[in-house]
Every structure is written in C-alpha cells, then in structure tokens.
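Enquirer: what would the 3D arrangement of this be:
(chains A and B)
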Amino acid sequence: MISEAFTEWLPKVGNFSLTLLIVTFYGLLVGAAIERIIAKVQGRIGIPYSQPFINIAKTFFKRTAVSHGIMFYLGPVFRIAGGIGTLAFIPVIYGSEMFSNFSMAGDLFLVIYFMFFGQLGMALGAGESGHPYSAIGIARGLSQMTAYEVPFALAVISIVIQYDTLSITEIVAAQQGGWQNWTVITNWVATLAAMLAFLGMTGYSPFDIFLAPQEIPIGPPTEFHSAYLSFLQLNRALFGATKLVLFMNLFFGGATGWPELMIKTFLIYMVAIVVGVAFPRFRVDQGIRFFFKIPTLIGIMSIVYVQMVLTS
Amino acid sequence: MSKQQNKEVALKNDGLSEEEKLYFSDARPRPYEPYSIKAVEDFANWARANSLWILAFGTGCCSIELRPLMTARFDISRFGVAGRPTPRQSSLFIIGGYVSVKTLKRIIRSYEQMQGPKFIIALGSCPANGGMYFDSYNTINQFDLYLPVDMYITGCMPRPEALLSSILELQEDIKAGNCDGANRYVNNLDWYKTNQKKVIKNWDMPDYNW
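Expert: The predicted structure follows:
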C-alpha cells in the first residue's frame, strides 16, 4: 500500500518541484524585465536582469536577524506556502502529464482559497512584528484584496457556469482549437471584470498604495528583514507568475508549451504595466469604491450574459 | 538573545526608568565571523556590493544630492542601488550633511536597527570636520567618533557624480571584504557609547536599539 502510493506520488512531487523551479525563475526574470520596461518609460536604463536574484542572495546572506516571536517566523513561511500551494493545483502546460501538477476536479475552488491563505498568514506575522506601519499596510492590503476579489469571484462564477465545470484542466480543454474559442472572445464580459480585478492583484499603480514607499514604509513587510525578506521576495516572484498562469488558463486558452506560456503571460502582465505607467495612484478608499462599482457591475453582467446568451 | 544568556555583559540601559526597562532588550550585540569557506564569503560580498539598499533618511542639506541619483540623468538603479524606507532592510546609510545633536540621536537609533553587514557614507564636509558649522553649539564636528564611517566624500556640497563614484568605490571595497564597520562598532561599543552620551544629554533610549 505504502510503496504503491510512494511510486505514484514521488514522480508527481518531482515534476512539481521542476515546475516550481521554472515558474519561480521565470517570475524573477519577468519581474526584472518589467522593471526595465518601466525604467525605459521614465527615460532610464533600469536594473540588470540579474538584480532580483542578487537581491535575494543578499538578503539571504545577511549576518544578523531579529525575531519578534513565533508568528513572525511563520508569516513568511505561510506566505510562501500560499504561493507554492496555489501553483500546486494549477495545470501549467495543457496536455502535458509532467507539468499538470496536482490538478483535479474542483481545483479552481482550492486555488481561490489558497490565494487568500498566504495573505492571512502574512497578516498575522506582520501583526506580531509590532510595527504600526505594518498593521496599517496589512489593513490596506486586505481591504483592497477583499474589494478586488468580488469582481474576480463573479468572473470565475461566470465561466464556471459557462463551461459547467470546476476543473481548470477542463476549462482549458474547452478553449482549445483556435483563438476564437478562448474565454476572452466567448465570454468577454467576464474577462473584462477579471482583468480589472487583475490590476488590483498585481499591486501596480493605480492600486499600489498598500506597498507604496512614499506613503507607508513598503506596507506589510516593513519589519521583515534578512532571510525572512528573501522568502517574501521569492514568493512575490512565484505568486506573481502563478497568478499570470491562472489568468492565462482561465481566459486566454492556456498554453501547450513553455514558449507559448511565456509569451501569453508576458502580454497579460503588460496590461497591468500599461495601465500602471499611465495612471496615478488611488487612495485606498478610492480603490475600494472603484472595485465595488464598475468591475463588480461588469462581473454581475457577465453572469447575466452567460445565463441569457451562452447557456440558453 | 535572551536576557539570561548575556547577563554578565548586559547593557545597563541607564537612560530608561525601571518600568521602561522591562520593555527593552539589554542584550549586548555580538560581532560576527566571516563564513569559513572563502568562496561563500566572496559570493556573499559580491551580492552585498551589487545590491546596496540606501536608507531613505535625509539627515541634512546634502541629502538633496541623493535625489538626482534616481532620475534619468544618473540612474543609480543600474548598479543595484535602491532606496528603502525602513532601516531593517537597508544596508547603506548615507549621512547627508551636517549632523545636529538632535539628529544624531535618530541616526544612532536607525543605524542600530539596520541588519549587518551595514555601511556608512558620510556626505559633505560637515560630518568630516564640521564644515561651515564647525563652531555651532548643536552640531557635531567629527562623525566617526559616534558611528563607524566607511567612506567620506568632502565638498560643500559634493556633486551627484562624486556620490555616484564613491558608491562604486564602496562596492569595490565591499567585494574585497574591507568594510566591517558593523563589527568595529560592536567591538568598540563602550567607546562609541561614551562618545555618544557625551553630546546627547537627554539619553532616554536603551543603550542598544535592537
């Protein structure tokens, strides 16, 4: 019994580790590329492509670290567990046994839950650091998250009704056979709501106030340093790339190979960047009001659209 | 570090009242050893040099010279330098010009909260010898009596180019493993504290700000 489970699960875990490595590496690299693009917009040269890797190495090799208690240790661990857990249930490459991870029926539910998990762990950790700015950053981050989750959840409900499944693999399978089958064409209303929510998710301007250095010292991770911070930096790259892969799977037809994945996710990321460099920052109350108005309305409309037009 | 471990060398925290002493650590900081494997230490030093995060704390008028470094004309981010608003995450403290006694207290608090290895660049003539404030009643004249300085840039005020070239020079020093200001500070803590307390009359903080 045990050996059977072992032989069945061991290759899966091995494959997942490989996926994790590639996605994290890609996330760090695409982060640097995006920084360079923003720098070009501002007329600068920007950071070298290796900068995110050097930053993580540096924070990891710091000599000293101060602790504020057990939850302070666990905050970054929960955060990265949330990132890894989210990726674990998303099929990365469609049709590939190796890179479909632990995808199963109903994984879409699990993924949406896992996206919350890391943030909540981080909230507890940052809370124990005792730094008032951490607490304010967390309050702002969580309230903004609650706001953008509404249109995102509505969009997800809409495509769940459309494809009549909760499995990401099946959602991707339904979109195969050409670009005219992608959700962005067949259910453009839901995609619009989700892409507006995506602007809040990526944490770029105009929804970057919870991380804004000019307002509150870099938000929730104010007190995290040394190796704690290297975990958070690693998770930022991993989680960012994971969200891109999820959006690509749900709305843009998934990917059948790594080059296709990289092109698609990069273009999805560029949506947030183009908006980010063009628009100034919202205050947190303005951001929340924005999400509860137009994107939420579009989200509700997408469900009506699915019921009236697509499934009738 | 628990209180029991360092009871024999615990700091006195004289500036605090009995009640306040309960809230602050009296542990004495320890010097750190380099990694025993030289290749690891060299790699760590290379990473430290190429990812210098500046503490965004302008202590005097020379810190106006810091801002142009981030603009398109100089673009310091090419060299891995970035601003960081919290001392916990930054590794480079640029003392921007004259240091009044009131600011010195805040500089000490911020410096001690930074995590080692940490470096200090003193910008302008004032931290070196008092500059135009040499006879002022509330400005200190020689900064390295109070905190360990890795590099001085003189001038009133120095151009951003001077700051840029000194940061590049500091990077070479870090790569060579010559910048151990944090260890110097910890090893000579009593001497530094005596000097600090000589000028800061209202010492109402712990002896070491963890």
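Enquirer: switch to C-alpha atoms for all contacts and neighbour counts from now on
Expert: Fine.
Enquirer: so A:Y94 makes contact with A:T169?
Expert: Yes. Counting by Cα atoms under 8 Å, A:Y94 touches A:T169, with 7.1 Å between them.
Enquirer: the two: which has the busier surroundings?
Expert: Legend: neighbour count by other Cα atoms under 10 Å in any protein chain shown for A:Y94 and A:T169, higher for A:T169 (25 against 22).
Enquirer: from the chain's centroid, how far away is stretch A:192-207?
Expert: Mean C-alpha position of stretch A:192-207 versus that of the full chain (Cα atoms, centre = their mean, to the nearest Å) differs by 11 Å.
Enquirer: can you list the buried residues in it?
Expert: Buried residues in stretch A:192-207, counted by 16 or more other Cα atoms under 10 Å in any protein chain shown: A:192-207.
Enquirer: residue numbers of chain A in contact with chain B?
Expert: For chain A, the residues in contact with chain B (Cα under 8 Å from any Cα of the partner chain) are A:42-48, A:51, A:54-55, A:57-58, A:61-66, A:213, A:217-218, A:222-226.
Enquirer: what's in contact with the helix or strand harbouring A:K293?
Expert: Per DSSP states H and E, A:K293 falls inside helix A:284-305. Helix A:284-305 has contacts (Cα atoms under 8 Å, 6 or more residues apart in numbering or on different chains) with A:140, A:143-144, A:147-148, A:150-152, A:154-155, A:157-158, A:161, A:187, A:189-190, A:192-194, A:196-197, A:206-207, A:209-210.
Enquirer: so which of those residues are in helices?
Expert: Within the contacts of helix A:284-305, residues falling in helices by DSSP state H are A:140, A:143-144, A:147-148, A:150-152, A:154-155, A:157-158, A:161, A:189-190, A:192-194, A:196-197.
Enquirer: what is the least confident helix or strand in chain A?
Expert: Lowest on mean pLDDT, DSSP states H and E among the helices and strands of chain A sits helix A:107-128, with a mean of 87.
Enquirer: what's that helix packed up against?
Expert: Helix A:107-128 sits against helix A:70-88, helix A:132-163, with contacts defined as 3 or more Cα pairs under 8 Å, 6 or more residues apart in numbering or on different chains; DSSP states H and E.
Enquirer: at 10 Å what do you get?
Expert: Judged by 3 or more Cα pairs under 10 Å, 6 or more residues apart in numbering or on different chains; DSSP states H and E, helix A:107-128 is in contact with helix A:70-88, helix A:132-163, helix A:168-174, helix A:226-251.
Enquirer: out of the residues of chain A next to chain B, which end up buried?
Expert: With neighbours counted by 16+ other Cα under 10 Å, the residues of chain A next to chain B contain buried members at A:44-48, A:51, A:54-55, A:57-58, A:61-64, A:213, A:217-218, A:222-226.
Enquirer: give the residue spans of chain B that score low on pLDDT.
Expert: Within chain B, the stretches with pLDDT under 70 are B:1-8.
Enquirer: what about the strands in chain B?
Expert: B:53-55, B:82-84, B:92-96, B:119-123, B:151-153 (DSSP state E).
Enquirer: direction included, what does the fourth one pair against?
Expert: Paired with strand B:119-123 in the same sheet, following DSSP bridges, are strand B:92-96 (parallel), strand B:151-153 (parallel).
Enquirer: ok, back up a step: so which of the residues of chain A next to chain B are in helices?
Expert: Those of these lying in helices (DSSP H): A:51, A:54-55, A:57-58, A:226.
Enquirer: before we move on, back to that, what about the strands of chain B, which gets the closest to A:I268?
Expert: For those, proximity to A:I268 was assessed by Cα to Cα; strand B:82-84 is nearest, at 26.9 Å.
Enquirer: list of residues touching the closest one?
Expert: Defining contact as Cα atoms under 10 Å, 6 or more residues apart in numbering or on different chains, one finds that strand B:82-84 is touched by A:47, A:213, A:217-218, A:222, B:51-57, B:66-67, B:69-70, B:76-77, B:89-92.
Enquirer: switch the cut-off to 7 Å
Expert: B:52-56, B:90 (Cα atoms under 7 Å, 6 or more residues apart in numbering or on different chains).
Enquirer: tell me which two of those residues sit farthest apart.
Expert: Farthest pair in the contacts of strand B:82-84 (Cα to Cα) is B:L52 and B:A56. Separation: 12.2 Å.
Enquirer: show me which of the two is the more surrounded one.
Expert: For B:L52 and B:A56, the more surrounded residue by other Cα under 10 Å is B:L52, and the numbers stand at 26 against 20.
Enquirer: surely that one meets B:G80?
Expert: Yes. B:L52 lies in contact with B:G80 (Cα atoms under 7 Å); the separation is 6.3 Å.
Enquirer: is the longest helix seen in chain B in proximity to chain A?
Expert: Assignment by DSSP H gives helix B:160-175 as the longest helix of chain B. No. Remark: helix B:160-175 sits outside contact range of chain A, by Cα under 7 Å from any Cα of the partner chain, the gap being at least 12.4 Å.
Enquirer: now do the buried residues in that helix.
Expert: Neighbour counts over helix B:160-175 (16+ other Cα under 10 Å) mark B:160, B:162-164, B:166-167, B:170-175 as buried.
Enquirer: cool, and stretch A:96-113?
Expert: Neighbour-count burial for stretch A:96-113 flags A:98-104, A:107-108, A:110-111 (criterion: 16+ other Cα under 10 Å).
Enquirer: repeat that for stretch B:87-107.
Expert: Within stretch B:87-107, the residues scored as buried using 16+ other Cα under 10 Å are B:87-101, B:104-105, B:107.
Enquirer: measure the residue nearest the centre of chain A to A:Q51 for me?
Expert: Nearest residue to the geometric centre of chain A (Cα atoms, centre = their mean): A:K243, 3.0 Å. With distances taken as Cα to Cα, to the nearest Å, A:K243 is found 22 Å from A:Q51.
Enquirer: now swap in A:F78 and tell me
Expert: When distance is defined by Cα to Cα, A:F78 is 25 Å away from A:Q51.
Enquirer: likewise for A:E170?
Expert: Applying Cα to Cα, the value for A:E170 to A:Q51 is 38 Å.
Enquirer: swap in A:F152?
Expert: Using Cα to Cα, A:F152 is found at 32 Å from A:Q51.
Enquirer: cool, A:V66 as well?
Expert: Between A:V66 and A:Q51 the computed distance is 25 Å (Cα to Cα).
Enquirer: doesn't A:L29 belong to a helix?
Expert: Yes. Counting by DSSP: H, G, I helix; E, B strand; the rest coil, A:L29 falls inside a helix.
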